[in-house]
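[1] Okay, structure incoming, though there's no sequence with it:
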């Protein structure tokens with residue numbers, strides 16, 4: 001069975017190594033345990049891990065140097081202890097030693113998503129090149145320049161001084177209830193949230209942000225004390241990006257803020273790269289989605305990577321029913337406009353790394369990398385739930401037009417190629 005990804009764990013302490021291997025395993029990751037650098041290098045070369053959890057900055061530097069000659073891309077790392085950084089900050093994160101389980105799992109999952117997006121960009125560029133097109137994807141987006149702009153949710157004067165020392169421009173809400181209007185009207189890189197004065201209100205604000213489609217990815221750092229929160233697992237489970245203990249060291253807070261902001265800017269830049277208009281040879285003119293030729297060529301790459309990295313891959317088939325009635329009543333030009341609106345909705349409702357394409361006529365396909373069939377079923381329910389109840393407004397048509405989706409799903413099986421996988425998804429329409 002495919003896993004969520006392989007995580008190499010380099011740790012000499014056997015007891016901690018067992019814990020580090022067990023925690024990702026609880027979330028579906030496969031852990032590769034190494035008690036020495038030699039073991040780690042051997043596992044990295046033989047098993048192709050997606051990332052590594054490494055015992056110290058020194059070991060991380062040595063492992064990166066030893067692997068540099070043998071791998072084409074740097075191995076992303078979560079490093080225990082110290083403050084890692086530098087030119088390749090997108091692939092290296094610092095985690096406290098000993099790590100908190102919830103924090104480590106959150107970092108593993110967020111880094112896994114970032115890796116998936118970056119890998120998909122590289123694949124799309126390679127597929128586009130095979131069509132003689134240069135895909136407009138920026139493979140290594142840089143962090144946006146300029147200072148951090150923070151929202152501080154705290155009534156404490158010393159917290160303002162901390163943010164000023166971190167070289168951040170600042171807006172302040174002295175209580176959580178005043179924060180959402182500022183977030184709705186402004187543009188912030190991160191939120192620094194005091195969990196001490198009004199903990200229930202702080203957690204309510206955090207939950208509201210994670211339910212908001214515009215704010216759910218924004219970094220939120222919680223300031224708390226060990227007395228109030230001896231174990232921060234609940235705070236991470238509620239959506240905290242990081243938990244910072246009081247009293248706060250200015251340098252430590254500055255590092256944590258910069259790391260969270262840089263990584264979030266990187267993710268936003270990746271998402272923007274996915275939304276870039278693409279060259280004509282790989283795009284369906286009627287819908288603006290990828291065409292069937294690009295879909296099949298790209299699926300071959302997705303299948304190869306899914307097998308190399310032991311990752312799940314699902315393919316969804318979507319048939320827009322009711323189009324014959326629309327074409328007969330309103331004409332094919334109106335039908336094409338409906339399909340374009342449906343295609344636009346599909347593109348907006350799926351993740352950046354999912355590939356939407358028009359197969360033929362009113363048939364669409366979505367490739368979902370790193371997605372098991374259960375999660376893919378949830379995606380289809382969400383797509384159908386939105387499109388089936390959308391009133392499409394078309395200029396020249398006096399009333400809203402409604403269509404419905406029939407959905408089919410297939411997951412990668414041994415022996416599958418792109419054609420078999422798409423055909424099986426089509427066979428499963430309506431099931």
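    Perfect, I can see it now. It should be emphasised that the depicted structure is a prediction, and the values quoted were computed from it without experimental measurement. Residues are numbered from 1 along each chain as shown.
[2] What are the boundaries of the strands in the chain?
    Here the chain has its strands, by DSSP state E, at 6-10, 30-34, 51-54, 77-80, 92-95, 148-153, 168-173, 190-194, 220-224, 242-245, 313-321, 355-360, 363-369, 404-411.
[3] and residue 61, what pLDDT?
    Turning to residue 61, the model gives it a pLDDT of 88.
[4] Residue 340 now?
    Residue 340 is given a pLDDT of 91.
[5] Contacts only, for it.
    Going by Cβ atoms under 8 Å, 6 or more residues apart in numbering, residue 340 touches 286, 287, 288. In short, each C-beta sits where N, CA and C put it, glycine included.
[6] Show me which positions of the helix ranked longest in the chain end up buried.
    Of all the segments of type helix in the chain, defined by DSSP state H, the longest one is helix 101-130. For helix 101-130, burial by neighbour count (16 or more other Cβ atoms under 10 Å) applies to 101-121, 123-125, 127-128.
[7] before we move on, what about stretch 6-19?
    With burial defined by 16+ other Cβ under 10 Å, the residues of stretch 6-19 counted as buried are 6, 7, 8, 9, 10, 11, 16, 17, 19.
[8] For those, which two are the farthest from each other?
    Greatest spatial distance in the buried residues of stretch 6-19: 6 and 16, 19.3 Å, computed using Cβ to Cβ.
[9] any idea how far residue 424 is from residue 407?
    As for residue 407, its distance to residue 424 is 13 Å (criterion: Cβ to Cβ, to the nearest Å).
[10] which of those two has more neighbours?
    Just comparing residue 407 and residue 424: by other Cβ atoms under 10 Å the higher neighbour count belongs to residue 407, 22 against 18.
[11] residues contacting the closest residue to residue 319 other than its chain neighbours?
    Nearest residue to residue 319, sequence neighbours excluded (Cβ to Cβ, 6 or more residues apart in numbering): residue 406, at 4.4 Å. Residues in contact with residue 406, defined by Cβ under 8 Å, 6+ apart, are 318, 319, 321, 429, 430.
[12] Where does pLDDT dip in this protein?
    Confidence mapping of the chain against pLDDT under 70 gives the ranges 1-3, 69-73, 82-91, 135-146, 167, 230.
[13] Spatially central residue in it, please.
    residue 113 (3.8 Å; Cα atoms, centre = their mean).
[14] List the beta-bridge partners for residue 407.
    residue 318 (DSSP bridges).
[15] correct me, but it touches residue 314?
    No: counting by Cβ atoms under 8 Å, residue 314 is not a contact partner of residue 407; they are 11.7 Å apart.
[16] Can you name the residues that contact residue 43?
    Counted by Cβ under 8 Å, 6+ apart, residue 43 has contacts 8, 32, 34, 49.
[17] who wins for neighbours among the residues you listed?
    Greatest neighbour count in those, by other Cβ under 10 Å, goes to residue 8: 26 neighbours.
[18] gap between it and residue 42?
    10 Å.
[19] And for residue 321?
    From residue 321 over to residue 42 (counting by Cβ to Cβ), the distance is 54 Å.
[20] quick one: the spatially closest residue to residue 199 that is not a sequence neighbour and residue 196, what's the gap?
    Leaving out its chain neighbours, the residue that sits closest to residue 199 by Cβ to Cβ, 6+ apart is residue 228, at 6.9 Å. Residue 228 sits 6 Å away from residue 196, going by Cβ to Cβ.
[21] Mutual contacts of residue 8 and residue 42, please.
    Joint contacts of residue 8 and residue 42 (Cβ under 8 Å, 6+ apart) are residue 34.
[22] gap between the two ends of stretch 242-253?
    End-to-end distance for stretch 242-253, by Cα to Cα, to the nearest Å: 10 Å.
[23] tell me which residues in that stretch are buried?
    Neighbour-count burial for stretch 242-253 [16+ other Cβ under 10 Å]: 242, 243, 244, 246, 248, 253.
[24] close enough to count as contact, residue 77 and residue 60?
    Yes: if you go by Cβ under 8 Å, residue 77 and residue 60 touch, sitting 5.2 Å apart.
[25] contacting residues for residue 126?
    Contact analysis of residue 126 by Cβ under 8 Å, 6+ apart lists residue 301.
[26] How much space separates it from residue 272?
    From residue 126 to residue 272 the distance is 20 Å (Cβ to Cβ).
[27] Repeat that for residue 105.
    For residue 105, the distance to residue 272 equals 28 Å [Cβ to Cβ].
[28] burial of the nearest residue to residue 120 once chain neighbours are set aside, as a residue count?
    Nearest non-adjacent residue to residue 120, counting by Cβ to Cβ, 6+ apart: residue 353, 4.1 Å away. Residue 353 is flanked by 22 other residues according to other Cβ under 10 Å.
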